[in-house]
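Student: Kindly return the folded structure for what I paste below:
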Amino acid sequence: MNRSLFFLLLFAFFGNGFMAQTISDTAPPFNIKTVTFTQGEANVYPFFRLGESFQFSFDDLFGNEEDYYFTLTHCNYNWTKSDLSRNEYLDGNDNQRIQDYENSFNTLQIYSHYRLKFPNNFCRITKSGNYLLSILNSNRELVFSKKFVVYEELAEVAMQVKRSRNVSDIRHKHNLDFAVKSDVILFQNPAQNVKVILFQNGKWSNMIVNVKPQFTIGNDLIFKYNLETQFWAGNEYLYFDNKEIRVATNSISKIDSKSSLYNAYLYTNSARRNKGYTFFPDVNGNFQVRNLISQNNQEVESDYSWVNFSLFSPETPAITSVYVTGMFNDNVFSAENKMEYNPEKGVFEKAILIKQGFTNYNYTILNAAGVMDEKNAVDGNYYETENVYNALVYYRANGERYDRVIGKGEANSTDITN
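Tutor: Now for the predicted structure:
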């Protein structure tokens, strides 16, 4: 074979694999805390309608007013980099310094609070799709990154939560039925060109991907699967509220200030597996930063404290990987959030630095392969659990160069039916 032809074929084979490399978000370092997307004053799941405004914020515990820069990368459905150039999905320029920041006021833990609004003075997002927001330091080195999705309202997504059709799972799982309808798009080859991602409480860790239409009725796409669209129902989130950081509450057994920061010791949680469902209102893993004695600005007048979690779960082996998770830490399975077993007390323990306020949390276990073990969840799975479910619909028409997100559906399991 001609030598040049051989290397050309070799480049084409491996080059395509390289270009199709999946982009992953990067967890923030220890000094970066309270990373969140907001609209108004509320933390939200990272799904935004094209053209609407939203905000991204985080704290830097070094508190030295570090210069941070941001970039946006447009991605395909499977989180590979899309073929679009930056000027095709941005009106303006990224790679700009975040200029909206201020330092904490009257707190034991100093920090700098950063805010980045979209659209902003530098750029505006013009295409729907998956996006990776990367935060860089002054040397243009990656510090951390976050995923979010921008969608268009070109299709209606009617969703309904139903109980499992399998008798063995009927009390433990939620099943999603939904249909995609559009008066704007005439779907071309929907079995190939349409894909759906399903989310439970906005989590990336247990999303269901690559859901294809089961059948079509005219231009309507029908999804009535069972196994393919089922989630373990889980249980309601636990919570603590330390808006008054110096005072014990019904969820906090004691407070001490022996170190430079306050320590909040939560009451020991007992595993709720096999105990039956108990109504326990939550905010589906969300949190709200607040300080009872704040005068003006909760974002910079709220302090950080060490929150000490403890879990009594005799059915969970001591070697099990147990994590404290919630939107406050983006449900990240990192060493910072992993509990350690205390053989003297017979409990799992962990202290995590968290900004004060109202915080939902739960306990998540991973199996030996590092995958969420939802079937054996510490707090069990009950179909009565209230969860929010979202469906994002991706579509790439013949000849198009990127995956559009043409619609978003939402349903709540409080309206569950058989």
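
Student: Please point out which parts of stretch 286-303 sit buried.
Tutor: 286-291, 294, 298-303 (16 or more other CB atoms under 10 Å). The C-beta positions use only the backbone N, C-alpha and C, and glycine is treated the same way.

Student: Can I get that stretch in PDB, CA atoms only?
Tutor: Extracted in PDB, the C-alpha atoms of stretch 286-303 (Å, rounded to 0.1, in the frame of the first residue of the first chain):
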ATOM      1  CA  ASN A 286     -32.300  22.200  46.400                       C
ATOM      2  CA  PHE A 287     -30.900  24.700  48.900                       C
ATOM      3  CA  GLN A 288     -31.200  28.300  49.800                       C
ATOM      4  CA  VAL A 289     -28.400  30.500  51.100                       C
ATOM      5  CA  ARG A 290     -29.700  32.700  53.900                       C
ATOM      6  CA  ASN A 291     -28.500  34.400  57.100                       C
ATOM      7  CA  LEU A 292     -31.200  35.400  59.600                       C
ATOM      8  CA  ILE A 293     -29.200  38.500  60.700                       C
ATOM      9  CA  SER A 294     -28.100  39.600  57.300                       C
ATOM     10  CA  GLN A 295     -28.800  43.300  56.700                       C
ATOM     11  CA  ASN A 296     -28.700  43.600  52.900                       C
ATOM     12  CA  ASN A 297     -27.000  40.900  50.800                       C
ATOM     13  CA  GLN A 298     -27.500  37.200  51.700                       C
ATOM     14  CA  GLU A 299     -24.900  36.100  49.100                       C
ATOM     15  CA  VAL A 300     -21.900  37.800  50.800                       C
ATOM     16  CA  GLU A 301     -23.200  38.100  54.400                       C
ATOM     17  CA  SER A 302     -23.900  34.400  54.900                       C
ATOM     18  CA  ASP A 303     -21.100  32.400  56.500                       C
END
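
Student: and Asn120, how far is that from Asp91?
Tutor: Taking CB to CB, to the nearest Å as the measure, Asn120 falls 11 Å from Asp91.

Student: of the two, who's got more company?
Tutor: Asn120 (18 against 12; other CB atoms under 10 Å).

Student: Surely that one is in a strand?
Tutor: No. Using DSSP: H, G, I helix; E, B strand; the rest coil, the assignment for Asn120 is coil, not a strand.

Student: Now do it against Lys355, distance only.
Tutor: Asn120 sits 24 Å away from Lys355, going by CB to CB.

Student: was I right about Leu292 contacting Arg246?
Tutor: No. Look at Leu292 against Arg246 with CB atoms under 8 Å: they stay out of range, at 9.8 Å.

Student: Pull up the overlap in contacts between the two.
Tutor: By CB atoms under 8 Å, 6 or more residues apart in numbering, Leu292 and Arg246 have no common neighbours.

Student: tell me the SS of Gln55?
Tutor: strand.

Student: does it have beta-bridge partners, and which?
Tutor: Note on Gln55: beta-bridge partners Thr38, Lys117, judged by DSSP bridges.
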